[in-house]
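1. Provide a 3D model corresponding to the input given below.
(one chain, ligands or ions: 1)
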Amino acid sequence: MISDMTVEELMESVKKGKMKSDEIVDYFKKRSEELDKKLSAYISKCEIKENEGGLNGIPFAVKDNMQLEGTKTTCASKILENYGSTYTATAVKRLLNEGAVALAKTNMDEFAMGSSTEFSAFFPTKNPWDLGRVPGGSSGGSAAAVAAGMVPFALGSDTGGSIRQPASFCGIVGYKPSYGLVSRYGLAAFASSMDQIGPLAKSVRDAALITEIMAGKDPKDATTVDKKIDLLKGVENSIEGMRMAIPKEFLKDLSPDVKMVFQEAIEKFEKMGTKIEEVSIPSLKYAVSVYYIIAPAEASSNLSRYDGIRYGLRIEEDTIDGIYNQTRNKGFGREVKRRIMLGTFTLSATYYDAYFDKAQKVRTLIKREMDEVLSSHDAILGPTTPNVAFKFGELSSPLDYYLQDIYTIPANLAGLPAMSLPMGFVNNMPIGLQIMTKRFEDAKMMRIARSYEKARGKFPMPKLNGGDER
Ligand code: GLN
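-> Below is the predicted model of the structure:
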């Protein structure tokens, strides 16, 4: 079935003349049309093709916090509901240059703050495995679209887990590249010291192929590095003899079901000839707390630009303060306001030392402890999420949501590459395995992920009707 095919398989069939690029685009457009009625993965649809290249006819979807000329970029927020993109993000541009065809902008939690896509100001997206459950977030629209075969791959952004957590919930591959590998130019800033663009895809090789195209120095983003990282070269090589670390802290509160699936994954690694060692990274217990000081602090500063004057929504009032006030009051949702208030508080003169400054120090500690483990081990393994996708309305307090990212946040704090790939099912819902390596050892991470993928075998896709016979 075409909807099951990876990017590589689609490219191959075009090359062999079995399919035409136009047919592929039409197929995915039609399937998207039908399945989006069930899943609500897209905020807007488009058909943007700019160039001929190796990705000819390969459709993709873009999270709606990335600029793409010819589309709106809403960040799933009322404040940007009618904001038209004025340029195209570098990462997206590079894919268009290779011939890929952008078909949609995907739903997300407002300004990428959330873990379920329930915090979109427009509508929630559904999980293709169970329409009563969330797809995860904040890149939930991208994850649902890929899992449902509406597009062969999609782009997401990951500040604390927003690519990997929805990938885990939807049974697909999600990859957050090392900080600095992919340009953030054109990505609406949330927490700039942690934001990264990355792919959601059906296979490890696809994730590598897509990222290779997007990655590399961009004069428009000073944090990008001038490093050539060849993600596909050597990806099929054996990982025999490698040493894998499993932090005790990742196992502590795991439910028996998830533990069992993770145990099976670990046994596969043992069979592949790797050494498994339990380690301790004591500072990991502070990761969520540190993240929820640093991310809101950066967000409160980044979001100050939405003031009713320069972008998007404006509520007319008699005074300038009135405009700011009412525009931000009506334009931002509850979670975004919560973060802005939190961030403004921890950055205030009185509390800066007690909160923000201290959090920065603990961030350094976490980074150091993780780097140390990775100086004697090739990778850190663990489950991506503590649980499978939850039902709509199941979580209520902000803290319940914040704890969804307990395993994914450390990679963002430390700038490490990290990937989630499907490792099995709990209660008929997929759950992911997370692999982290040293910063810029993305190629090694790919190789480990690919080895596991081969040992695991093909992972099923959810059964959905639309576009074709299944
Ligand atoms: N769920 C986390 C948050 O709400 C991470 C979001 C993200 O990675 N963009 O901040």
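2. Next one, pLDDT for the residue nearest to G186 when sequence neighbours are not counted please.
-> Of all residues not flanking G186 in the chain, A89 sits nearest, at 2.5 Å (Cβ to Cβ, 6 or more residues apart in numbering). In this view, the C-beta of every residue, glycine as well, is placed from N, C-alpha and C. On pLDDT, A89 comes in at 98.
3. Spit out the contact partners of A89.
-> 66-68, 183, 185-187, 197 (Cβ atoms under 8 Å, 6 or more residues apart in numbering).
4. Please report how far it lies from the ligand.
-> Counting by Cβ to the nearest ligand atom, to the nearest Å, the gap from A89 to the ligand is 16 Å.
5. Backbone dihedrals for that residue, both of them.
-> The phi/psi pair for A89 (degrees, to the nearest 10) reads phi -60, psi 140.
6. do K63 as well
-> Dihedral angles (degrees, to the nearest 10) for K63: phi -60, psi 140.
7. Show me the helices in the stretch 1-150 of the chain, by range?
-> Taking DSSP state H, counting those that start in this stretch, the helices of the stretch 1-150 of the chain run over residues 7-15, 21-39, 90-97, 140-147.
8. Report the beta-bridge partner residues of G382.
-> When bridges are called by DSSP bridges, G382 pairs up with Q434.
9. ok, it touching I246?
-> Yes - assessed by Cβ atoms under 8 Å, G382 is found in contact with I246 at 6.4 Å.
10. Show me which residues of the lowest-mean-pLDDT helix or strand in the chain are buried.
-> Ranked by mean pLDDT, DSSP states H and E, the weakest helix or strand in the chain is helix 398-402, scoring a mean of 90. Applying a neighbour-count criterion of 16 or more other Cβ atoms under 10 Å, one finds 401-402 buried in helix 398-402.
11. Could I get the buried residue list for the helix or strand just after that helix?
-> Using DSSP states H and E, the next helix or strand after helix 398-402 towards the C-terminus is helix 409-414. Neighbour counts using 16+ other Cβ under 10 Å place 409-414 of helix 409-414 among the buried residues.
12. roughly how far is the least confident helix or strand of the chain from the heart of the chain?
-> Relative to the chain's own centre, helix 398-402 is displaced by 18 Å; criterion: Cα atoms, centre = their mean, to the nearest Å.
13. now stretch 394-406
-> Centre-to-centre, stretch 394-406 and its host chain are 17 Å apart (Cα atoms, centre = their mean).
14. Would that stretch count as contacting the ligand?
-> Yes - contact of stretch 394-406 with the ligand (Cβ under 6 Å from any ligand atom) involves D405.
15. Give me the contacts around that stretch.
-> Outside stretch 394-406, the residues that touch it by Cβ under 8 Å, 6+ apart are 114-116, 136, 160-161, 165, 287-288, 291-292, 335, 338, 385-387.
16. What of stretch 353-360?
-> Contacts of stretch 353-360 (Cβ under 8 Å, 6+ apart): 289-290, 293-294, 297, 345-347.
17. Around E236, count how many other residues there are.
-> By the criterion of other Cβ atoms under 10 Å, E236 has 11 neighbours.
18. What residues does it make contact with?
-> Contacts of E236 by Cβ under 8 Å, 6+ apart are 447, 450.
19. now it: how far from the ligand?
-> 30 Å.
20. quick revisit: return the least confident helix or strand of the chain as CSV; C-alpha atoms alone will do.
-> Output of helix 398-402 as CSV, limited to C-alpha atoms (Å, rounded to 0.1, in the frame of the first residue of the first chain):
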residue,chain,number,x,y,z
PRO,A,398,-0.6,21.2,34.6
LEU,A,399,1.8,19.1,36.6
ASP,A,400,0.4,15.9,35.2
TYR,A,401,1.1,17.2,31.7
TYR,A,402,4.5,18.5,32.7
